[in-house]
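**Student:** Below: sequence and its predicted model.
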Amino acid sequence: MTENQTALKESIGTAWDRYRERMPELSRAYDDLSAEAYAGGAVKAKNKRLMALCAALIKGCRACILYQTDNALRLGASVDELLETCGVAVSLGGTMAAGEATRLMQYLEEKDVFGSPGPE
């Protein structure tokens, strides 16, 4: 049975919210750093999210993969940009990144970004 990526992302988000409640100063500092790091500047915010997604795929951070994918989509990344980002990750991270790319594919399928297949 395939792990549901949407449910996993929600579970991670809920756990992070509980952490925030217990460590408000630290989580606020983290949020401030992230907001600054991912803000648009010389490098567009969308491209920063794609860069972070590449790193997440290589390192195997399941939460990062899901959240960076969502943020990249929200900032206008296309499916092709996400898939090319996977290609870069695989070229750098080999089979470990390829395995993590399947998580991204499952998540995109759950979000129905590919649309329904046409008639054969």
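**Tutor:** Yep, that arrived. Note that this is a predicted model, so its numbers are computed, not measured.
**Student:** Now Y107. Nearest residue, chain neighbours left out?
**Tutor:** Once flanking residues are discounted, Y107 sits nearest to Q5: 3.9 Å by CB to CB, 6 or more residues apart in numbering. C-beta: built from backbone N, CA, C; applies to glycine.
**Student:** Could you give the number of residues near that neighbour?
**Tutor:** 22 (other CB atoms under 10 Å).
**Student:** Relative to R103, how far out is it?
**Tutor:** To R103, Q5 is 6 Å away according to CB to CB, to the nearest Å.
**Student:** so how far is L26 from Y67?
**Tutor:** Distance of Y67 to L26, given as CB to CB: 18 Å.
**Student:** for the residue nearest to Y107, what are its contacts?
**Tutor:** By CB atoms under 8 Å, 6 or more residues apart in numbering, Q5 lies in contact with L66, R103, Q106, Y107, E110.
**Student:** And for R62?
**Tutor:** R62 touches L8, I12, E100, R103, counting by CB under 8 Å, 6+ apart.
**Student:** ok, 10 Å please
**Tutor:** Applying CB atoms under 10 Å, 6 or more residues apart in numbering to R62 gives the contacts E3, Q5, L8, K9, I12, A56, E100, R103, Y107.
**Student:** ok, for the fourth one, nearest residue in space, not its chain neighbours?
**Tutor:** Think K9. Per CB to CB, 6+ apart, closest to K9 is L66, 4.2 Å.
**Student:** Look up which helix or strand the one you found falls in, please.
**Tutor:** helix 62-74 (DSSP states H and E).
**Student:** and the helix or strand that that helix is followed by, what's its mean pLDDT?
**Tutor:** Once the chain leaves helix 62-74, the next helix or strand it forms, by DSSP H and E, is helix 79-110. Average pLDDT, helix 79-110: 96.
**Student:** Next, the buried residues of helix 79-110.
**Tutor:** Neighbour-count burial for helix 79-110, counted by 16 or more other CB atoms under 10 Å, picks out 81-82, 85-86, 88-90, 93, 97, 100-101, 103-104, 106-108.
**Student:** Many thanks, have a good one.
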